[in-house]
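Engineer: Sequence plus the predicted model coming up.
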Amino acid sequence: MQAVAPTSTAYENETGVSRYRWAVLFFAWAGLMLSTVCRLAWGTLALPAGESLGLPIVALGVFVTAFYAGYVLSNIFGGVATDRIGGRATLSMSLLGLAVATFCFGFTPSLSVGLALQCLMGLTAGADYAAGVKLVSTWFAKSERGRAVGLLMSASSIAVIATNSILPALVAKLGWRHTYHALGVCALLLAAVAVVFVRNRVTQVSLEATRKPRISTLFTRNFLLLALAGCGAFWGTLGFASWAISLMVKGHHLSPMRAGFIVAIAGAAGLVSKPSIGWLSDRLGGRRKVLTIASLLFFFAALLAFGQLSRVDAFTLAAPFIGVGAFVYSPLLVTLVAEQSGIDRSGSAAGIANAIWQSGSALSPAVVGLVFQAGHSFPIAFATLALGPLLGAVCMLFVKEQVSV
């Protein structure tokens, strides 16, 4: 695959590089967005699929577990592969594998086959994240990397909007099986276009990196602290995303529609915040540690404050603030992981860090559910969520930021 497109050299025309890097960012963004849609699609298609296959409600959740088992592994192996064979090849092969697995899932005849295919989808859906981070990190200089990563990370927010606005109408018209077929075809087309137009950027750093080990020096003090900080941050985000609607309905008797509207406002605010905070970190000379600590402390305070509210108008007014808090830190953490681990190891670092973040934060919904069930306390449930970003901020205090990367 590497021979299909030319490799950039040290003599690239600067104008061409300046224009082409945005095309690279677009394809990385599109790959991450589409894989996230495929990951989230089961939430929309589970009920009609379950009825078609004759599955009980409890069995539907097992499909999510099967997907994430593969997804976590995919982040690790995909990250390592990205540093060895390049972001272009990893992105293309990941999308090709996702296309095949997603298309085949539309033919699922039983629970066992469906679980195997969901696991396979997960195994192919995580590598594009590391590939995207690697491509963006190498094509964008430190002075613009924060904004670029912020734009890349906005793909997940767009995917949430697309999944909830487009897929319901699509499944109503085509059925759940053909909807998965359509997603598979989209992934296949994107893989074909990416392998033709995306290329790696070979820098002096990456050339030197091929002559020395990468993974053996990855688990530094900084990396472990950033991994723990991310676990804490995503603890709050995943917990809020999983429980916000239910807690408002159960704790303060809001209608599900009104609670969903409040969470949608939070999501829209989070979408805008990602490229904005990246741009701000670039303007500050690429210093991202202080901004990350401030973002996590803001998220901590927003969760505590949200837990003290009880009226619909107050929830609506607070929604943009908690939305910013829940997502604004992510481009900063992703960029820090790539830069502090070294751009030559940015794929491995991004993949392994994301696997740790996803694994650690996955406990959040279960813990918050137990806390609310025990005391039926809305404030205590949100205080439990707030512990995560507070821990993240404490971990960030001990990170030693390397300014010139």
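Structural biologist: Looks like it arrived, so ask away.
Engineer: mind checking the longest helix of this protein?
Structural biologist: Scanning the chain for the longest helix, with DSSP state H as the assignment, gives helix 14-53.
Engineer: Please point out which parts of that one sit buried.
Structural biologist: 20-21, 24-25, 27-42, 44-46, 49-50, 53 (16 or more other C-beta atoms under 10 Å). Every residue, glycine included, has its C-beta placed from N, CA and C.
Engineer: again with stretch 364-374
Structural biologist: Those buried within stretch 364-374 under the rule 16+ other C-beta under 10 Å are Ser364, Pro365, Val367, Val368, Gly369, Val371, Phe372.
Engineer: ok, the last one touching Lys250?
Structural biologist: Yes - with the criterion set as C-beta atoms under 8 Å, Phe372 and Lys250 qualify as a contacting pair; they are 7.4 Å apart.
Engineer: Let me know how buried Ala318 is, in neighbour terms.
Structural biologist: Other residues within reach of Ala318, judged by other C-beta atoms under 10 Å, total 18.
Engineer: re the thing from before, tell me which of the buried residues of stretch 364-374 has the lowest pLDDT.
Structural biologist: Lowest in pLDDT among these is Pro365, which has 78.
Engineer: Leaving out sequence neighbours, find the closest residue to it.
Structural biologist: Leaving out its chain neighbours, the residue that sits closest to Pro365 by C-beta to C-beta, 6 or more residues apart in numbering is Ser242, at 4.0 Å.
Engineer: picking up where we left off before, distance to Val136 and secondary structure added to the buried residues of stretch 364-374, as TSV?
Structural biologist: What follows is those, written out as TSV (distance: C-beta to C-beta, whole Å; DSSP: H, G, I helix; E, B strand; the rest coil):
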residue	distance to Val136	secondary structure
Ser364	28	helix
Pro365	30	helix
Val367	33	helix
Val368	33	helix
Gly369	36	helix
Val371	38	helix
Phe372	39	helix
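Engineer: Now find how far off-centre stretch 225-240 is within its chain.
Structural biologist: Relative to its chain's centre, stretch 225-240 lies at 12 Å (C-alpha atoms, centre = their mean, to the nearest Å).
Engineer: Hmm, I typed the wrong one, I wanted stretch 224-231.
Structural biologist: 15 Å.
Engineer: what does stretch 122-136 give?
Structural biologist: Worked out by C-alpha atoms, centre = their mean, stretch 122-136 lies 10 Å from the chain centre.
Engineer: Can you name the next helix or strand after the helix or strand bottoming out on mean pLDDT in the chain?
Structural biologist: Least confident helix or strand of the chain, by mean pLDDT, DSSP states H and E, is helix 204-209 with a mean of 46. Downstream of helix 204-209, the next assigned helix or strand under DSSP states H and E is helix 221-252.
Engineer: Would you mind listing the buried residues in that next one?
Structural biologist: Of the residues in helix 221-252, those buried (16+ other C-beta under 10 Å) are 222-223, 225-248, 250-251.
Engineer: Let me know the next secondary structure element after that helix.
Structural biologist: That would be, after helix 221-252 and using DSSP H and E, helix 256-283.
Engineer: buried residues in the helix or strand that comes right after that following helix?
Structural biologist: Per DSSP H and E, the first helix or strand lying C-terminal to helix 256-283 is helix 289-307. Residues of helix 289-307 classed as buried: 289, 291-303, 305-307 (neighbour count, 16+ other C-beta under 10 Å).
Engineer: just stretch 171-191 next, same as before
Structural biologist: Under 16+ other C-beta under 10 Å, the buried positions of stretch 171-191 are 171, 175-177, 179-184, 186-188, 190-191.
Engineer: Please name the residues that touch the residue nearest the centre of the chain.
Structural biologist: Among the residues of the chain, the one closest to the centroid is Ser156, at 5.8 Å (C-alpha atoms, centre = their mean). Ser156 is in contact with Leu32, Met33, Thr36, counting by C-beta atoms under 8 Å, 6 or more residues apart in numbering.
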